[in-house]
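1. Sequence first, then the predicted structure:
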Amino acid sequence: MDLGLKGRACVVTGASSGIGRETALQLCAEGANVLLVARGEERLAGVTEEATKAAEPAGGAAAALSLDVTAEDAGERMLMAAEERFGSLDVLVNNAGAAKWRDLDDVPDEDWRAQYELNVMAPLRAMRAAIPPMVERGWGRVVNVCSTAGKRPSAAMAEYSVAKAAELSLSRLFADRYAKTGVLVNAVAPGPVEAEMWMEPGGLLDQSMQLTGDKNREEALQTAGSKRPIGRLAQPEEIASTIVFLCSERASYVAGAAWSVDGGTVQVII
């Protein structure tokens, strides 16, 4: 299936690992021109090299921008870098995120603020910068990577859940504002993903063991997977495939959606 992404200029935040990495690689494989954005320069450079190899056979390209997306000028800097490298910005994927497991009473005020900055203000600033030029050209795609925790709050990730709920509302507001202009804004809501945020030492899998009482990582992974109707955690490429579709020409009548990509975890029909 031709997704119509060849030559489209894209920005993916949080692109050095997990869902962001896979999204960037899949966009590149479609022949898109992708600016990969993340804080860690070394890891970002390695993934950008992978993306370049994926892009070249399809006629696309990849470039890197080391940036903290919570900076007040991050939106303008991403737009400028995309325009300088590729001539425009057609697709924005707001994916950068982080989470920690702990009790509601243990979350300090600064962490509530930090999650709001990362999951609400950063996507807001990025959309404010990126969407007006898209409107002028009459075409654009924005995908905000949210979470099942934004639909059904997780007691183990309180500040993350509240911020992700706000991001879902933010996505809907921008979708309603710009749908008639040809700029389509959507959200995806993944559940747990077998990627770095969960699997790295000290990540969410290890943190979950302290609450579930599982004896080892394998048992903790089985416990987490058993809570999904599909019986396992997602792979990053499974979430990325949905994101890439929403970035494409094929998603031409999808606006304001909040697609669950969670193995059936949140059992609602809307």
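-> Looks like it arrived, so ask away.
2. Please count neighbours and contacts with C-alpha atoms only from this point.
-> Fine.
3. All the strands of this structure, residue numbers only.
-> Along the chain, counting by DSSP state E, strands occupy 9-13, 33-38, 61-66, 91-94, 140-145, 183-190, 258-261.
4. of all those, which lies closest to Pro201?
-> strand 33-38 (20.0 Å; Cα to Cα).
5. quick one: that closest one to strand 61-66, angle?
-> For strand 33-38 against strand 61-66, the angle by axes from the mean of the first three to the mean of the last three Cα atoms, to 10 degrees is 20 degrees.
6. ok, back up a step: dump the strands of the chain to TSV, plus mean neighbour count.
-> What follows is the strands of the chain, written out as TSV (neighbours: other Cα atoms under 10 Å):
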stretch	mean neighbour count
strand 9-13	28
strand 33-38	29
strand 61-66	23
strand 91-94	28
strand 140-145	27
strand 183-190	27
strand 258-261	22
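7. Turn those into JSON lines, including distance to Trp101 and mean pLDDT.
-> Converted to JSON lines, the strands of the chain look like this (distance: least, Cα to Cα, whole Å; pLDDT from 0 to 100):
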{"stretch": "strand 9-13", "distance to Trp101": "23", "mean pLDDT": "98"}
{"stretch": "strand 33-38", "distance to Trp101": "23", "mean pLDDT": "98"}
{"stretch": "strand 61-66", "distance to Trp101": "27", "mean pLDDT": "98"}
{"stretch": "strand 91-94", "distance to Trp101": "22", "mean pLDDT": "98"}
{"stretch": "strand 140-145", "distance to Trp101": "19", "mean pLDDT": "98"}
{"stretch": "strand 183-190", "distance to Trp101": "17", "mean pLDDT": "97"}
{"stretch": "strand 258-261", "distance to Trp101": "21", "mean pLDDT": "96"}
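8. would you turn these into TSV with distance to Gln267?
-> Shown next, in TSV, are those (distance: least, Cα to Cα, whole Å):
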stretch	distance to Gln267
strand 9-13	29
strand 33-38	33
strand 61-66	38
strand 91-94	25
strand 140-145	19
strand 183-190	13
strand 258-261	10
